[in-house]
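1. heads up, no residue letters with this:
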């Protein structure tokens, strides 16, 4: 890196303004609440892992069921901070599992226009672009509905 001190100074100045801290903390709290709601509503169908924070680029949690576990797969509900949208990722437990399922799924609708396997997953599909954070209850419902609709479609594809 050319001049880390320069970037750290900019970072520090932005944090002092407070807007980034408030936004980031509120976004993480929202994903945490969303996870809690999913556990309440869907724990009979899926198990949910804890919240993971990327490097201010992604906030996400994994979820899976017995079928997925038997295939060494899991899903992630991802808040992509850079694009500010919600995505579903299908992931393998290892790189070799991911490569295997990438080959199986690279020409599906979920990987449309994708020519290379994503860095961290088998597929990454957008479930909500341009979320409205001013109505968190409605946003939660939108995400949950789309999340499990897409999840079930992918699971059905994998089963057949």
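-> Arrived safely, thanks for sending. Keep in mind the model is a prediction, meaning the values are calculated, not measured. Numbering: from 1, shown residues only.

2. now the residue nearest in space to the middle of the chain: which helix or strand?
-> Nearest to the mean C-alpha position of the chain, counting by C-alpha atoms, centre = their mean, stands residue 78 at 1.4 Å. Assessed by DSSP states H and E, residue 78 sits inside strand 73-80.

3. got the buried residues for that strand?
-> Within strand 73-80, the residues that qualify as buried are 73-80, counting by 16 or more other C-beta atoms under 10 Å. Bear in mind the C-beta positions are built from the backbone N, C-alpha and C, glycine included.

4. can you list the strands that that strand pairs with?
-> strand 58-64 (antiparallel), strand 85-92 (antiparallel) (DSSP bridges).

5. what is the burial count for the residue nearest to residue 101 when sequence neighbours are not counted?
-> Here the nearest residue to residue 101 in space, its sequence neighbours aside, is residue 122; by C-beta to C-beta, 6 or more residues apart in numbering that works out to 4.5 Å. Neighbour count of residue 122, defined by other C-beta atoms under 10 Å: 24.

6. ok, so of the buried residues of strand 73-80, who is nearest residue 140?
-> Nearest to residue 140 among the buried residues of strand 73-80: residue 77, at 11.5 Å, using C-beta to C-beta.

7. the closest one contacts residue 60, correct?
-> Yes - counting by C-beta atoms under 8 Å, residue 77 touches residue 60, with 6.1 Å between them.

8. any residues in contact with both of the two?
-> residue 31 (C-beta atoms under 8 Å, 6 or more residues apart in numbering).

9. kindly reformat the buried residues of strand 73-80 as JSON lines containing pLDDT and distance to residue 37.
-> Output for the buried residues of strand 73-80, formatted as JSON lines (pLDDT from 0 to 100; distance: C-beta to C-beta, whole Å):
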{"residue": "73", "pLDDT": "98", "distance to residue 37": "23"}
{"residue": "74", "pLDDT": "98", "distance to residue 37": "19"}
{"residue": "75", "pLDDT": "98", "distance to residue 37": "16"}
{"residue": "76", "pLDDT": "98", "distance to residue 37": "17"}
{"residue": "77", "pLDDT": "98", "distance to residue 37": "11"}
{"residue": "78", "pLDDT": "98", "distance to residue 37": "17"}
{"residue": "79", "pLDDT": "98", "distance to residue 37": "15"}
{"residue": "80", "pLDDT": "97", "distance to residue 37": "20"}
